[in-house]
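Visitor: The following block contains a protein sequence and its predicted model.
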Amino acid sequence: MTGYIPLLVMLIVSAVFAGGMVTASALLGPKKPSGYKSSSYECGMSPVGNARERFPIKFYLIAMLFIVFDIETIFLYPWAATYSTLPHGLMIFELSEMAVFVVILFIGYFYILGKGALDWDESDSGKSVDRHDFEVKAPRPPLRCGNEDSGPVDLTVANSVHGTPSYGASSQEQGKQSASTRSDN
């Protein structure tokens, strides 16, 4: 019965810890909950849409394949830990068994790779030539801000009108307009 004492201590400590967390959450949590405070926080974005969206089957397939290959590679650690303690004849046998295991692992990996199970994109754009490829790779026209045809900017006119530095073609045009109104007076 004394062998179960550490298990009992672990259960008591975990129950006290869980109860303490729930109590601390109740004591320190929001006292005046509102709709805004009770909504879920998702990286600063407000939750939009239904929470029961359908995930593509590719998500589950890749998750299962990851688990399968992860568990298979975990078997390499105990083999490596016990390999050096074996007699020479058994070492060669276990090395050949592990080589067969790794070959089967790689055959499975290249099989699912060839079947496209790890391709996250479900479209056929990677498998065929894109019809709009020439449009994507075509050179783009230069960006225009709307004041390219107004000529060079005269900073002396802009500074003398307002007294503060102002830059750009629109400030030059304002300077010309205010200079023409001064000459008209």
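Guide: Here it is on my side, so go on. Numbering: from 1, shown residues only.
Visitor: need the helices for the protein, in chain order.
Guide: For the chain, applying DSSP state H gives helices covering 5-28, 35-38, 57-74, 76-83, 88-115, 133-137, 155-162, 169-184.
Visitor: Save the ones you listed as a markdown table, and put in distance to residue 50 too.
Guide: The C-beta positions use only the backbone N, C-alpha and C, and glycine is treated the same way. As requested, the helices of the chain are exported to a markdown table (distance: least, C-beta to C-beta, whole Å):
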| stretch | distance to residue 50 |
| --- | --- |
| helix 5-28 | 28 |
| helix 35-38 | 18 |
| helix 57-74 | 17 |
| helix 76-83 | 43 |
| helix 88-115 | 32 |
| helix 133-137 | 34 |
| helix 155-162 | 55 |
| helix 169-184 | 48 |
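Visitor: Pick the most buried one from those.
Guide: helix 155-162 (a mean of 15; mean count of other C-beta atoms under 10 Å).
Visitor: Same list (the helices of the chain) but as TSV, adding mean pLDDT.
Guide: Formatted as TSV, those follow (pLDDT from 0 to 100):
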stretch	mean pLDDT
helix 5-28	95
helix 35-38	72
helix 57-74	85
helix 76-83	88
helix 88-115	90
helix 133-137	62
helix 155-162	55
helix 169-184	53
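Visitor: what sits against the residue nearest to residue 109 when sequence neighbours are not counted?
Guide: Nearest residue to residue 109, sequence neighbours excluded (C-beta to C-beta, 6 or more residues apart in numbering): residue 69, at 6.8 Å. By C-beta atoms under 8 Å, 6 or more residues apart in numbering, the contact set of residue 69 is 105, 108, 109.
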